[in-house]
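**Q** Starting from these lines, generate the structure:
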Amino acid sequence: MDYDIQQKIDLEIKMREGTRKLLAACKREVQSLEAAKSLLTSHARVLTYMGELQRRKTEECLDKFSTNGIEKGHLKPCKANVSISDIRIPLMWKNADHIMNKGDHNRYAVFCLLKVGTEIYDTELQMNIDRTACDVTFEEVFSFEKVKPDFTFILEVYSYNLHKDLTIASTPQKIRRRLNSIGSVKKAENSVLIPTVSAEEENTSVEAPKFCLVGRANLSLSDASDVIKIHSLSLEGEGEQHNQVPLFNHFCCRLAVQPQSVLQDAVTGYLLVKEKALGVSDFQRLWCRLRSGRLQCWNNPSEADCKGTLLFVSLQKGSKVIKPVPDGEQQFQFYITYPSGSSERRHVFAAESASDQERWTAALDQHIINIEAWKHAFSSMMTLKTPSAFKRRASLRPRKGSLYDQMSVYSPDKGKTNDENSSPPSANLRPRLKHSLSVSASPPPHLQDPIVSLKETRV
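**A** Reported below is the predicted structural model:
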């Protein structure tokens with residue numbers, strides 16, 4: 001186990017080194033932000049893995065030198081799978097910003113880190129969050145496996161200010177600074193006396209965009225539900241103030257928990273049942289199944305899930321399994337008792353052998369421990385969403401319209417406007433093709449992209 005944790009630490013360290021090199025080569029802001037997000041995620045994972053490794057070594061030392069030792073044969077509750085989806089974080093803009101569309105001109109990039117135990121996931125990076133947005137929505141689905149009942153789900157919200165000043169009044173100053181920077185580069189290229197900086201040294205001096213932690217939330221088993229719920233979000237004040245997107249003190253998400261023993265049979269087989277509700281005073285041999293906190297009985301296995309149960313015993317908190325002293329009637333009896341109001345109800349069962357008696361009583365004891373540990377999550381049967389289902393929906397989602405789809409491109413070779421039927425789409429993706437185009441209407445300068453403004457035709 002310690003070797004696996006050490007391998008994960010080594011992997012994340014290598015990932016950080018590669019991401020730093022990638023960050024130095026980034027030319028666009030989006031690329032730098034994605035690299036910075038990966039660096040932050042890898043750093044969080046390394047710290048978590050190191051803490052887990054230290055915790056395991058401490059427990060190993062305590063167990064080794066403990067005089068009492070650990071009780072053998074004690075039962076532990078089963079683990080569960082946790083699914084987190086439908087994350088939505090409302091934003092708190094001022095009335096002048098959101099309704100009157102004036103005031104705050106900032107735009108932000110936002111993402112979240114999700115932590116359960118040693119597993120850490122990051123959401124996609126939401127770009128260009130401005131005053132026109134009411135909330136930040138993440139459609140991804142995150143799955144955590146083998147989670148203990150005392151788990152804590154931590155949500156951390158990070159933001160980065162993309163543009164601090166987008167007012168029209170600042171446009172001339174931006175153009176002047178841009179022209180001055182271009183002129184200084186030309187002078188440096190034509191001058192022999194001024195030493196040039198190598199590309200490698202220039203790349204290494206590039207600093208990563210710094211995301212600020214702006215919100216944090218801690219959820220536990222009591223917050224689990226099969227529907228989307230509202231939870232509290234604590235606002236964090238660390239980092240630069242201008243990088244903090246204005247958050248509300250709440251967020252929404254769906255936190256579903258499903259214990260691993262809910263969907264599988266704990267034990268099945270024939271038991272001798274003595275119950276007045278069956279209409280007989282003696283033991284009756286029935287086929288029984290223990291699943292999801294319920295002991296159900298039928299005449300034979302073929303009636304299971306097809307006919308109604310002859311006997312239904314629902315386990316709950318406070319239920320007990322008792323082995324009485326063997327008597328002459330049935331040697332391998334056991335009782336299931338649970339509180340019912342001010343009294344206590346009891347169901348009498350008997351196994352056909354000592355091994356069957358041990359098998360049934362052990363499974364019942366384990367089931368009761370699971371019920372007490374997982375509480376409402378054991379009986380509510382929450383549905384888990386899977387990340388693969390989200391990926392399939394995303395792949396089937398229609399592509400959003402772009403500026404390229406709205407442009408009219410004229411080909412002088414053919415003397416007519418090209419459309420999708422004149423040439424296959426794959427022809428526009430080949431790099432070694434001659435570019436020739438004529439755009440009827442040029443888009444605004446801030447929307448121009450050298451990739452989407454070219455139409456490629458065959459030579």
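**Q** got the residue ranges for the helices in the chain?
**A** 2-25, 29-65, 95-98, 171-190, 199-204, 354-374, 376-380, 387-396 (DSSP state H).
**Q** which stretch in those has the least confidence?
**A** Among the helices of the chain, helix 199-204 has the lowest mean pLDDT, at a mean of 42.
**Q** Thr337 is in contact with Gln316, isn't it?
**A** No. Counting by CB atoms under 8 Å, Thr337 stays clear of Gln316, with 11.0 Å between them. Yep, even glycine has a C-beta here, placed from its N, CA and C like the rest.
**Q** Show me how this protein divides into domains.
**A** Structurally, the chain divides into domains by automatic domain parsing as follows: 1-57, 81-167+206-257, 267-380, 403-459.
**Q** out of those, which comes closest to Pro387?
**A** Taking CB to CB, domain 81-167+206-257 is the member of the domains of the chain nearest to Pro387, at 4.9 Å.
**Q** so what's Ile322 closest to, chain neighbours aside?
**A** Leaving aside its sequence neighbours, Ile322 sits nearest to Tyr335 (CB to CB, 6 or more residues apart in numbering; 4.4 Å).
**Q** likewise Ile154?
**A** Lys115 (4.1 Å).
**Q** where along the stretch 51-200 of the chain do the strands fall?
**A** 80-90, 107-116, 119-122, 126-129, 135-138, 142-147, 153-163 (DSSP state E, counting those that start in this stretch).
**Q** among the ones you listed, which is nearest Asp282?
**A** strand 80-90 (41.1 Å).
**Q** and that closest one, which strands flank it?
**A** strand 135-138 (antiparallel), strand 142-147 (antiparallel), strand 250-259 (antiparallel) (DSSP bridges).
**Q** buried sites along the first one?
**A** Applying a neighbour-count criterion of 16 or more other CB atoms under 10 Å, the buried positions in strand 135-138 are Val136, Phe138.
**Q** Residue ranges in this structure under the pLDDT threshold?
**A** Scanning the chain for pLDDT under 70 picks out 1-2, 66-73, 95-104, 164-206, 238-241, 279, 328-329, 388-459.
**Q** any idea how far Glu124 is from the residue nearest to Ile322?
**A** 55 Å (CB to CB, to the nearest Å).
**Q** next one: Phe334
**A** 53 Å.
**Q** Contact partners for Glu156?
**A** Cys112, Leu113, Lys115, Leu213, Gly215, Arg216 (CB atoms under 8 Å, 6 or more residues apart in numbering).
**Q** Looking at the residues you listed, which one is closest to Lys146?
**A** Looking across the contacts of Glu156 and measuring by CB to CB, the closest to Lys146 is Lys115, at 15.0 Å.
**Q** what about that closest one, neighbour count?
**A** 18 (other CB atoms under 10 Å).
**Q** who does it bridge with?
**A** Assigned bridge partners for Lys115, using DSSP bridges, are Ile120, Ile154.
**Q** That one contacts Tyr49, correct?
**A** No. In this structure Lys115 lies outside contact range of Tyr49 using CB under 8 Å: 12.0 Å.
**Q** can you list residues touching both of those two?
**A** Common neighbours of Lys115 and Tyr49 (CB under 8 Å, 6+ apart) do not exist.
**Q** Counting neighbours, go ahead and name the busier of Phe334 and Glu124.
**A** Comparing Phe334 with Glu124 by neighbour count (other CB under 10 Å), the higher total belongs to Phe334, at 20 against 13.
**Q** right, and the more buried one touches Trp360 too?
**A** Yes. At 6.9 Å, Phe334 counts as touching Trp360 under the criterion of CB under 8 Å.
**Q** Overlap in contacts, those two.
**A** Phe349, Ala351.
**Q** got the contact list for stretch 317-325?
**A** 333-339, 357, 361, 364-365, 368, 371-372.
**Q** For Ala363, which non-adjacent residue is spatially closest?
**A** Using CB to CB, 6+ apart, the nearest residue to Ala363 is Val267, at 4.0 Å.
**Q** For the one you found, the count of nearby residues, please.
**A** 19.
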